[in-house]
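J.: Just to be clear, the model below is a prediction. Sequence and coordinates:
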Amino acid sequence: MTQEETIFEEIKNLIPSFETFENRIIAHVQNDYFPLIYQCLYEWITPPNQSQFSTENFKKLLNNNYLRLLNDIYRTRISEKAFDIILEGLDKVKDFNDYEVVLKQFKGCNPRGSKNVNAFSLGTKVLHTYNPKENPIMDSVIRENLKIKSQLDIDLCLNFKKAMNRFANEYKGYFSSFRKSNRIKDEFKKFHLKLKFPKMKILDMALYYNEDGK
């Protein structure tokens, strides 16, 4: 079984039904502030009258302290020197749809002395911002919940993306039911959240929640 297939099976094991999907999303919203933060970010940075950023406009956003903002939100502790290296590399990227090329710009920029933080994780958050419909977020919580023990590197990020998109395509009903669910509508209303989250963020909410509350 390939790494992509293994991750796909773990996603299915974690959310085997829409009821589980719904319950985990509701629990996540009740116990975590990230959905509200992401809603604010989406509304703030989404290009007017555009479905997606152009590469040049996205570079401008990153250079306008957005990369540092993501670093602060997720506490990835990337150094100032690493910022310079990453931004210099990203400025040379010709197309942010080239997932692998973008991730390569984060190579060798891991925070010193940190076992749980990886610069590639920050890279997935940057790519998620660029295309939240297809690019998932990878971090230590997701890895733990999906029982991923492999090193967080470019290959793992690529296989994770493939597995997440495969799941989203094969279980399309989960997402249409999400938007129709009265339970989710009621819970989101309590926290002033809208239902206009992109697929990868909806799936992230379902995967991110820990039943032990951590």
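T.: Received the coordinates, thanks. Numbers count the residues shown, from 1 in each chain.

J.: Counting neighbours, what do you get for residue 148?
T.: Around residue 148 there are 19 other residues, counting by other Cβ atoms under 10 Å. C-beta: built from backbone N, CA, C; applies to glycine.

J.: One more: the one 4 residues further on?
T.: Here the count is done by other Cβ under 10 Å, and residue 152 has 21 residues near it.

J.: any low-confidence regions in this structure?
T.: Across the chain, the ranges flagged by pLDDT under 70 are 47-51, 112-117, 210-214.

J.: Give the residue farthest from the middle of it.
T.: Distance from the centre of the chain peaks at residue 182, with 25.2 Å (Cα atoms, centre = their mean).

J.: how much space is there between residue 176 and residue 168?
T.: From residue 176 across to residue 168, the span is 12 Å (Cβ to Cβ, to the nearest Å).

J.: When those two are compared, which one has more neighbours?
T.: residue 168 (19 against 10).

J.: I'd say the more buried one and residue 200 touch.
T.: Yes: at 7.4 Å, residue 168 counts as touching residue 200 under the criterion of Cβ atoms under 8 Å.

J.: I'd like to check which residues are in contact with residue 195.
T.: When the contact criterion is Cβ atoms under 8 Å, 6 or more residues apart in numbering, the partners of residue 195 are 178-179, 184-185, 188.

J.: Helices - which of those land there?
T.: If you go by DSSP state H, those have 178-179, 184-185, 188 in helices.

J.: Which of the residues you listed are buried? Put it as a ChimeraX command.
T.: Per 16 or more other Cβ atoms under 10 Å, the buried members of those correspond to this ChimeraX selection:
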select :178,184,188
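
J.: Just give me the closest of the ones in helices among the contacts of residue 195 to residue 4.
T.: Set against residue 4, the nearest of the ones in helices among the contacts of residue 195 by Cβ to Cβ is residue 178 (24.1 Å).

J.: distance of that closest one from residue 28?
T.: Residue 178 sits 12 Å away from residue 28, taking Cβ to Cβ as the criterion.

J.: follow-up on the earlier one: now the residue farthest from the centre of the chain: how far from residue 61?
T.: If you go by Cβ to Cβ, the gap between residue 182 and residue 61 works out to 36 Å.

J.: And residue 77, by the same measure?
T.: 21 Å.
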